[in-house]
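A.B. asks: Make a model of this:
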Amino acid sequence: MKIELFLVRHGETTANRDNILQGHSDFPLTDRGQEEASKVGDVFSNYNWSKAYTSDLNRAIKTSIIVFSKSSQDLPLNTDSLLREINFGVLEGLPRNTKLEEAKKIISKRDGIPIEDIDDISESRDDVVIRQRNFIDNIYKELESESLQSNNPNEVHKVLVISHGGYIKLFIKSLCNFPRVNTICNGSITRVIVDKNQATGEYQYIINENEINCYEHLVGDKQSYTNIYNWSNI
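C.D. replies: The predicted structure is shown next:
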């Protein structure tokens with residue numbers, strides 16, 4: 001059994017537009033962000049998904065609702081906190097170039113808290129990778145069970161995931177072992193094949209460079225991106 005995983009970054013938010021770091025903090029989609037989500041929906045309008053998941057942050061949920069408004073499939077949308085963006089701690093809600101000590105001073109002045117009492121609860125890279133591995137393990141086991149029940153152990157499951165830029169970038173770099181990724185655009189699509197070595201129990205991630213951060217659907221017409229998105233071969 002394999003999983004054909006499509007990782008989609010949520011549409012643009014007011015924080016993205018204003019160069020604010022979000023993390024677990026939430027900001028609404030802009031009009032542009034809603035349009036980006038709609039264009040993702042156009043790409044996948046005729047796809048038959050095995051499962052669909054979204055981060056439990058509102059910007060991802062809103063993106064997911066718009067995407068599935070274009071779908072002919074009536075499929076439950078599963079929210080999962082394992083898909084949340086990286087927690088950036090005290091830096092969240094501040095301009096992206098803000099340094100940690102500067103952020104503590106801003107919060108101290110704003111909230112009337114002594115600097116020494118401000119704890120930074122940001123996540124480490126390893127913390128997020130553990131979340132990602134747990135998510136893959138959970139969905140693989142669930143889909144594997146379904147494939148065995150249907151007597152189709154070689155089934156390929158299409159799974160849609162709506163998540164976040166930092167999260168998707170780290171997924172590609174760490175789990176897929178592909179370090180050459182710099183940008184994950186709002187509304188972009190990344191395709192990953194997930195397989196499992198039955199002898200070792202280890203997951204294998206197959207990714208092609210030209211299937212990372214695909215954004216042609218955001219800038220071109222359907223004919224142009226249909227010719228580029230050749231996702232039929234696994």
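
A.B. asks: Off-centre distance for the longest helix that the chain contains?
C.D. replies: Counting by DSSP state H, the longest helix found in the chain is helix 125-149. Distance, stretch centre to chain centre, for helix 125-149: 15 Å (C-alpha atoms, centre = their mean, to the nearest Å).

A.B. asks: pretty sure residue 226 belongs to a strand, no?
C.D. replies: No: using DSSP: H, G, I helix; E, B strand; the rest coil, the assignment for residue 226 is helix, not a strand.

A.B. asks: Distance-wise, check it relative to residue 170.
C.D. replies: The gap separating residue 226 from residue 170 is 30 Å, by C-beta to C-beta, to the nearest Å. For the C-beta atoms, the positions are set from N, CA and C on the backbone; glycine is no exception.

A.B. asks: what's the weakest-modelled helix or strand in this structure?
C.D. replies: The helix or strand of the chain with the poorest confidence is helix 222-228; it has a mean of 72 (mean pLDDT, DSSP states H and E).

A.B. asks: Apart from its chain neighbours, what residue comes closest to the residue nearest the centre of the chain?
C.D. replies: Centroid-nearest residue in the chain: residue 163, 2.5 Å away (criterion: C-alpha atoms, centre = their mean). Excluding the flanking residues, the one nearest residue 163 by C-beta to C-beta, 6 or more residues apart in numbering is residue 83, at 4.6 Å.

A.B. asks: Next up, the contacts around the one you found.
C.D. replies: 53, 54, 55, 56, 60, 131, 135, 161, 162, 163, 164, 167 (C-beta atoms under 8 Å, 6 or more residues apart in numbering).

A.B. asks: What's the local residue count around the fifth one?
C.D. replies: Read that as residue 60. 29 (other C-beta atoms under 10 Å).

A.B. asks: for the first one, same thing?
C.D. replies: One way to gauge burial is a neighbour count; for residue 53, by other C-beta under 10 Å, it gives 23.

A.B. asks: partner residues bridging it?
C.D. replies: residue 78, residue 161 (DSSP bridges).

A.B. asks: Contacts only, for it.
C.D. replies: Contact analysis of residue 53 by C-beta under 8 Å, 6+ apart lists 77, 78, 79, 80, 83, 135, 139, 159, 160, 161, 162.

A.B. asks: cool, the third one as well?
C.D. replies: Residues in contact with residue 55, defined by C-beta under 8 Å, 6+ apart, are 10, 61, 79, 80, 81, 83, 84, 85, 162, 163, 164, 167.
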